[in-house]
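Asks: Next comes the sequence, and after it the predicted model I'd like to discuss.
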Amino acid sequence: MPVHAAGSRLYNSVRFKHLVKKSGSSASARASNISLNLTPFVDMMTILVTFLLMVFSSSGQLLQAQRGLQLPEADSKEALQQAPVIIVTGTEITYQGQLVATTESVLRDDSPTMKIDALYERLDAASKKIKEDVGLGHLPKDLQKACDDAKNNIRPQPGHICPDGLAILQADKDTDARLINKIVVTAKAAGFDNLLFAVKNK
């Protein structure tokens, strides 16, 4: 194969007849000067890479801080495992990222049961689903073993707690104690006896 000098080979070695602009007779054909604009493609790839980096960098975090939420600090370095999350900010209560009630409405409620009905319904449904998974053995091996150890009163390892009855509470450090008490009572009524408080490590 002969060696040619460096240069453009488009339309020379391969003829694109549908891109050729003909002038005059069909015998005299002149190739069009067509350039490919790569700017939109580069922009799209940059956005895609940025999105993937954000997704995979946050996938290792079990808990994410919500706006208006300042967690209390603690010296413990133990990691929390994945579990249903209740978040209490200065203005609202959310469960798994969905608004359940406002803190003002909950504090105004003087019900003797001290139970937050909207939160109880969601926690009760989650508790039944978790108990079903534990009973059918649909959990990962380490968590299934943790549930078996819990039945034998064996202390669980950090990050490997049986999910049956386990929930995580993220509460702002200035949250009213009455509100925390109502959430604890609601969680216990729904079957979540093991309520972990999320804190910020120093």
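Replies: Received it, and whenever you're ready, just let me know what you need.

Asks: In the protein, what residue spans correspond to strands?
Replies: 20-22, 29-31, 73-74, 85-88, 92-95, 98-102, 166-171, 194-197, 200-201 (DSSP state E).

Asks: Which positions in stretch 130-138 come out as buried?
Replies: Judged by neighbour count (16 or more other CB atoms under 10 Å), stretch 130-138 contains these buried residues: 130, 133-134. Quick note: C-beta positions are derived from backbone N, CA and C, even for glycine.

Asks: residues making contact with stretch 116-124?
Replies: By CB atoms under 8 Å, 6 or more residues apart in numbering, the residues outside stretch 116-124 that reach it are 84, 86, 93, 95-96, 98, 100-101, 106, 109, 167, 182-183, 186-187, 189-192.

Asks: Apply the buried test to these and list what passes.
Replies: For those, buried by 16+ other CB under 10 Å: 84, 86, 93, 95, 100-101, 106, 167, 182-183, 186-187, 189-192.

Asks: I'd like to know which of these is nearest to residue 198.
Replies: Of all the buried ones among the contacts of stretch 116-124, residue 86 has the smallest distance to residue 198: 9.7 Å, by CB to CB.

Asks: show me the contacts for the closest one.
Replies: 93-95, 119, 167-170, 183, 187.

Asks: Any chance of CSV for these, columns distance to residue 151 and pLDDT?
Replies: Compiled in CSV, the contacts of residue 86 are given as follows (distance: CB to CB, whole Å; pLDDT from 0 to 100):
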residue, distance to residue 151, pLDDT
93, 32, 91
94, 32, 90
95, 28, 90
119, 28, 91
167, 20, 88
168, 22, 87
169, 25, 88
170, 29, 86
183, 27, 91
187, 21, 91
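
Asks: nearest to residue 197, of those residues?
Replies: residue 169 (5.4 Å).

Asks: Now do the same contact list for that closest one.
Replies: With contact set as CB under 8 Å, 6+ apart, residue 169 has these partners: 85-86, 88, 180, 183-184, 187, 195-198.

Asks: Make a ChimeraX selection of whichever of the residues you listed turn out to be buried.
Replies: Here is the ChimeraX command that selects the buried residues among those (16+ other CB under 10 Å):
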select :85,86,88,183,184,187,195,196,198
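
Asks: Which one of the contacts of residue 169 is nearest to residue 143?
Replies: For these, the nearest to residue 143 is residue 196 (14.8 Å; CB to CB).
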